[in-house]
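*Asks:* only geometry, no sequence info:
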């Protein structure tokens, strides 16, 4: 009987000790401060993104995002980029995490970045997966030059460089105004007809809704494809000859030798087009005109020089 009583006493002590230990543990849990967000932003997909600390390590999944980061002086925080990121030259030394549409998700996760910058469209599934795996992802999907500036400010805010971003966008806006001020009083009849060649075979150009169309308009030109019902209409030579552009601009892709100004001039029957007859065929780096980043303003200034060489000298 005494032994049974002694066992009951020991059991009571153990139970009481357990309750006390749980009470202490529970108290500790309740007094732990909650993890407070450092910042909350809304990205171009309309997602509310919580950032828990100022990012020290950043991964960029698109060339335009990389260019924004470096323009904001954040290059030292960029730890990895896509295989298509080629500007500025410093990105050559960064870790590569796959192509634009072939992001190596496992590699990105292993890097444990504080922030990932993605883009819309084809990368939206990647954005969802990285978010599910616990990474902080902001998506940039600019559709206009104004959107580009908003994205620069968004990245600046998310990375703690908002003032730098504001200074950069103010400078870019002033450069645009310097172009538009020079051509704003030119009558429509004096604005040259412009053809922008995206590809030669098939002969593809850029219509409304593209950065190219917007830049031609801002630079004071008249895009001969302004009435297109698709963003990238395909022309035949007869339509091109009929519309008779006074300025032709071709894309030079990085490392491409497939097209050249002299090659365009030597194409059969192209010699009857005003732009070719008057030696007004120009080439532009496709990267600066197709990427929604700070160099889009470089593209505008270059196009303005092509269209109005007397007004916009080097």
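*Replies:* Ah, there it is. Bear in mind that the values here come from a model prediction, so they are computed numbers and not experimental data.
*Asks:* Strands of the stretch 151-300 of the chain, start to end?
*Replies:* Ranges of strands within the stretch 151-300 of the chain are 193-197, 203-204, 222-223, 234-235, 247-252, 281-285, based on DSSP state E, counting those that start in this stretch.
*Asks:* Out of the ones you listed, which is the most enclosed?
*Replies:* Highest mean neighbour count of the strands of the stretch 151-300 of the chain: strand 193-197, a mean of 24 (counted as mean count of other Cβ atoms under 10 Å). No exception for glycine: its C-beta is placed from N, CA and C like everyone else's.
*Asks:* average pLDDT for it?
*Replies:* Here strand 193-197 scores 97 as its mean pLDDT.
*Asks:* Need the contact partners of that strand.
*Replies:* 203-206, 212, 216, 221-225, 240, 243-251, 259, 264, 274-275, 307 (Cβ atoms under 8 Å, 6 or more residues apart in numbering).
*Asks:* what angle sits between it and strand 281-285?
*Replies:* If you take axes from the mean of the first three to the mean of the last three Cα atoms, to 10 degrees, strand 193-197 sits at 50 degrees to strand 281-285.
*Asks:* Not counting its neighbours along the chain, what's nearest residue 252?
*Replies:* Nearest residue to residue 252, sequence neighbours excluded (Cβ to Cβ, 6 or more residues apart in numbering): residue 283, at 4.9 Å.
*Asks:* how about that neighbour, what does it touch?
*Replies:* Residue 283 sits next to 249, 250, 251, 252, 259, 260, 261 when contact means Cβ under 8 Å, 6+ apart.
*Asks:* what about the helices in the protein?
*Replies:* Taking DSSP state H, the helices of the chain run over residues 2-31, 63-71, 105-111, 124-132, 145-158, 162-183, 211-218, 237-243, 261-265, 274-277, 286-290, 296-307.
*Asks:* can you redo those helices as CSV with distance to residue 78 and mean neighbour count?
*Replies:* Below are those laid out as CSV (distance: least, Cβ to Cβ, whole Å; neighbours: other Cβ atoms under 10 Å):
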stretch, distance to residue 78, mean neighbour count
helix 2-31, 38, 9
helix 63-71, 5, 25
helix 105-111, 11, 15
helix 124-132, 16, 16
helix 145-158, 11, 21
helix 162-183, 15, 15
helix 211-218, 24, 22
helix 237-243, 42, 13
helix 261-265, 35, 15
helix 274-277, 41, 17
helix 286-290, 18, 20
helix 296-307, 20, 22
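*Asks:* Find the residue at the geometric middle of the protein.
*Replies:* With distances taken as Cα atoms, centre = their mean, the residue of the chain nearest its centroid is residue 64 (3.5 Å).
*Asks:* Tabulate the helices of the chain (JSON lines), appending mean pLDDT and distance to residue 40.
*Replies:* Shown next, in JSON lines, are those (pLDDT from 0 to 100; distance: least, Cβ to Cβ, whole Å):
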{"stretch": "helix 2-31", "mean pLDDT": "46", "distance to residue 40": "25"}
{"stretch": "helix 63-71", "mean pLDDT": "98", "distance to residue 40": "20"}
{"stretch": "helix 105-111", "mean pLDDT": "97", "distance to residue 40": "22"}
{"stretch": "helix 124-132", "mean pLDDT": "96", "distance to residue 40": "14"}
{"stretch": "helix 145-158", "mean pLDDT": "98", "distance to residue 40": "10"}
{"stretch": "helix 162-183", "mean pLDDT": "98", "distance to residue 40": "14"}
{"stretch": "helix 211-218", "mean pLDDT": "97", "distance to residue 40": "29"}
{"stretch": "helix 237-243", "mean pLDDT": "97", "distance to residue 40": "50"}
{"stretch": "helix 261-265", "mean pLDDT": "95", "distance to residue 40": "49"}
{"stretch": "helix 274-277", "mean pLDDT": "98", "distance to residue 40": "51"}
{"stretch": "helix 286-290", "mean pLDDT": "94", "distance to residue 40": "31"}
{"stretch": "helix 296-307", "mean pLDDT": "98", "distance to residue 40": "28"}
